[in-house]
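Student: the sequence and its predicted three-dimensional model are supplied below.
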Amino acid sequence: MEKLCPKCAKPLDAQNYCEHCDLSISVYEKIINTSKILYNQGLQKAKVRDLSAAIDLLNRSIRLDKHNINARNLLGLIYFEIGETVTALQQWVVSKNLKPQDNEAVYFLNQVQDNQSYLDKLNQAIKKYNQSLNYIEQGSTDLAIIQLKKVISLNSKFVKAYALLALCYIKEKQVDKAQKILFKILSIDKSNYIARKYLDDIQSDAINSEDFEDKFAEDPSKGNGIAFKPVKMKINSAVFQFFAMVIGVAIGLSIMYFMVMPDRIDEKDREITSINSEVVALEDNKKVLEDEIAQLEVALDSANEESVGKDSVIAEAESKLKETVKVLKAIALYVSGEGPAAADALYAINQSMLSAEVLSSYQSVTEAVYPVIAEKAYQDGFVEYRADRFDNGIVLFETAYKYEKDAEFSDNALYFLARCYYKKGEIETAIPIFEKMLEEYPDATNKTDAQYFVNLHKDD
Amino acid sequence: MINFEEEVRKFKPCLEVEEAEEAIYAYDTKDVTEILSDMIQEIRKED
């Protein structure tokens, strides 16, 4: 009986070679068998929910033999399982075209296409996922998180959406929530690369911080050779206090910077160096101000002596003295690490009562204090906002905007201030703040959302 | 430490259902046996 080519069904020659396909049948059979082996391996992986590995094997299987319908249908089913709806449909349509009869892909396609509302729901999930990517690009991670939560409620197996949500939570330092999401991904696809990578990173970060704390807490008396031992130094106490104060301020500022902007450590190192030199400069300013006070006290004394008819001169000197003392106190607060109190003190000073020299010192201190306090307040406000503590958020965002109106985050400080009021139901307070933000920051990151809220309540 | 910006760049938009038809037409179904046949024909042409 004449042998036929399994690929094109034309007769083979004596060496089992198909002239039509230009292929030896033994080579063809090896390829087909390898495709089947890969399908079997993919099926095993799919059965134990190792979906990433199954996708890899099944893709290789259909690359070897595009007519391996079982492999293609299973690949579609797995894509559908992980929320890749269109990729799944693509595989099933190709499968149906290759084998129109007696093909499970036809059943799968009918199941999806006959349930239009379900398909719409899946499509909505995809659209919202794409929208959340846009939000992230615009810097609105909070809106992306809200959107991704909606995606998951529409399609509870959308692995990419879970992974993006976990990444957003990691960015927002909500590691517990991120971990829960990552475990959810692994319950759908147990070898998902992204979930494993993020979990490893989270866990290694946690272990590193614990190691550091453990080593630092070890009792030196146990003599294990690891503990940090205190070094005894004989230093003049006044000099020691001065250095301790300077180092304390530097460490305090560096920790604050580290908490606020963990991903800019290198940049902050440079800033810490400049702050150290600033502290030294402020010490110089302090001396200048002390001299100024001494001079003013002398002037006040002499004015008192000459006093008859010179009450106004004395009053002015007293006011100048008071304001100058306030500047000195603010500098002392700042140098001792009490940044927020220093900012409040500086804000309360009447600049018109300061001499040119003191005013210059005042300005250099505000330039050092205000941006730090404002940024810290903004970051803390954001944490409060995310935790639905809107009253705290309002105070912090107001502080951020009060001290910094030209910073990168100033528009967002106003935006989230308005959002806090909005979430509290105080719409009549929120809307003017949204409008103020749109007027003062026409290129604001969240201008579209602010405009949306303003339009929503236009006719109220 | 996870670099947010770097990781986000790896997330690409998903195809929406409206784009499915175009994606199906663009899908390359060529398998290894067809690639082998093409290669043999190329070699024969050169000979």
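Tutor: Arrived safely.
Student: what sits up against the lowest-mean-pLDDT helix or strand in chain B?
Tutor: Ranking every helix and strand in chain B by mean pLDDT, DSSP states H and E puts helix B:32-46 at the bottom, with a mean of 80. For helix B:32-46, the external contacting residues (CB atoms under 8 Å, 6 or more residues apart in numbering or on different chains) are A:Lys7, A:Cys21, A:Asp22, A:Leu23, A:Val27, A:Tyr28, A:Ile31, A:Arg63, A:Leu64, A:Asp65, A:Lys66. (C-beta placed from N, C-alpha, C; glycine too.)
Student: grab the nearest non-local neighbour of the third one.
Tutor: So the one you mean is A:Asp22. For A:Asp22, ignoring the flanking residues on the chain, the nearest one in space by CB to CB, 6 or more residues apart in numbering or on different chains is B:Ile40 at 4.3 Å.
Student: residues near that neighbour, how many?
Tutor: Using other CB atoms under 10 Å in any protein chain shown as the criterion, B:Ile40 is surrounded by 13 other residues.
Student: report the separation between it and A:Val27.
Tutor: 10 Å (CB to CB, to the nearest Å).
Student: and what of A:Leu77?
Tutor: Using CB to CB, A:Leu77 is found at 30 Å from A:Val27.
Student: quick one: buried ones out of the contacts of helix B:32-46?
Tutor: Among these, those scoring as buried are A:Lys7, A:Cys21, A:Asp22, A:Leu23, A:Tyr28, A:Ile31, A:Arg63, A:Leu64, A:Asp65, A:Lys66 (criterion: 16 or more other CB atoms under 10 Å in any protein chain shown).
Student: quick one: buried residues of stretch B:12-19?
Tutor: In terms of neighbour count (16+ other CB under 10 Å), stretch B:12-19 has its buried residues at B:Cys14, B:Leu15, B:Glu16, B:Val17.
Student: could you dump that stretch to PDB, C-alpha only?
Tutor: Output of stretch B:12-19 as PDB, limited to C-alpha atoms (Å, rounded to 0.1, in the frame of the first residue of the first chain):
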ATOM      1  CA  LYS B  12       2.200  47.000  28.500                       C
ATOM      2  CA  PRO B  13      -1.500  47.900  27.700                       C
ATOM      3  CA  CYS B  14      -3.700  44.800  27.000                       C
ATOM      4  CA  LEU B  15      -5.400  44.400  23.700                       C
ATOM      5  CA  GLU B  16      -9.100  45.300  23.900                       C
ATOM      6  CA  VAL B  17     -11.800  43.100  22.400                       C
ATOM      7  CA  GLU B  18     -12.300  45.700  19.600                       C
ATOM      8  CA  GLU B  19      -8.700  45.100  18.600                       C
END
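Student: in contact with A:Ala407, which residues?
Tutor: Residues near A:Ala407 by CB under 8 Å, 6+ apart: A:Pro371, A:Ala374, A:Glu375.
Student: so which of these is the most crowded?
Tutor: Neighbour counts for those (other CB under 10 Å) peak at A:Ala374, which has 23 neighbours.
Student: please identify the helix or strand for it.
Tutor: Using DSSP states H and E, A:Ala374 falls within helix A:356-386.
Student: longest helix in chain A, please.
Tutor: Using DSSP state H, we find that the single longest helix of chain A is helix A:265-305.
Student: what's near enough to touch B:Ile2?
Tutor: By CB under 8 Å, 6+ apart, the residues touching B:Ile2 are A:Leu167, A:Ile170, A:Tyr198, A:Asp201, A:Ile202.
Student: what of A:Gln138?
Tutor: Shown in contact with A:Gln138 (CB under 8 Å, 6+ apart): A:Thr445, A:Asn446.
Student: distance of it relative to A:Ala430?
Tutor: Distance of A:Gln138 to A:Ala430, given as CB to CB: 21 Å.
Student: quick one: least confident helix or strand in chain A?
Tutor: When the helices and strands of chain A are scored by mean pLDDT, DSSP H and E, helix A:237-260 comes last with a mean of 65.
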